[in-house]
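# This is a predicted model, with the sequence first.
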Amino acid sequence: MNRVTEPRKIIIPDEWENFLKEFSKRNRERRARFQIFTNGEMNEEEQEAHLENVSLEKRNGENQIDVVRIDKADEKNEKMTDTIKNVHGIVVQYETDGSENVLELRDDRGKLTSLRFESKLDGVS
């Protein structure tokens, strides 16, 4: 795993719902890729797509986060929804210009799901 050099902020649970709404507004349409880490090792990397929405739901006493992305590789604009169950931690990592470049979601088993955005500094996203 890469050494973290950009500023990071832990989002406290009472702020999760509002933070995710505002995060979605700020980052809608940005290209992003999922990376899933278990025990510090990357296990899975999903295809790149554009962020549509990140939302928090409480189900059976657990915090569940749904991440909706749109695959714009062709004209189908297929929606993909990833669900992270029993979320216990949210951290946001910032680029040097202050834009958000990583959203980290940790579940109760320690699995880390990282939504990594293309850099705004590169003028791509």
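Noted; the coordinates are in hand. Residues are numbered from 1 along each chain as shown.
# mind showing which ranges of the chain have poor pLDDT?
Residues of the chain that meet the criterion pLDDT under 70 lie in 1-5, 44-46, 120-125.
# mind listing the helices for it?
Using DSSP state H, the helices of the chain run over 16-27.
# Mind jotting down where the strands sit in it?
Counting by DSSP state E, the segments of the chain that form strands are 8-11, 31-38, 41-45, 49-59, 62-71, 78-84, 87-94, 100-107, 112-117.
# possible to save those as TSV with mean neighbour count and distance to residue 21?
No exception for glycine: its C-beta is placed from N, CA and C like everyone else's. Listed next are the strands of the chain as TSV, based on neighbours: other CB atoms under 10 Å; distance: least, CB to CB, whole Å:
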stretch	mean neighbour count	distance to residue 21
strand 8-11	13	12
strand 31-38	17	17
strand 41-45	11	27
strand 49-59	16	8
strand 62-71	18	12
strand 78-84	14	17
strand 87-94	17	13
strand 100-107	20	13
strand 112-117	20	15
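# need these in a markdown table with distance to residue 22, can you?
Shown next, in a markdown table, are those (distance: least, CB to CB, whole Å):
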| stretch | distance to residue 22 |
| --- | --- |
| strand 8-11 | 11 |
| strand 31-38 | 16 |
| strand 41-45 | 27 |
| strand 49-59 | 10 |
| strand 62-71 | 15 |
| strand 78-84 | 19 |
| strand 87-94 | 11 |
| strand 100-107 | 10 |
| strand 112-117 | 15 |
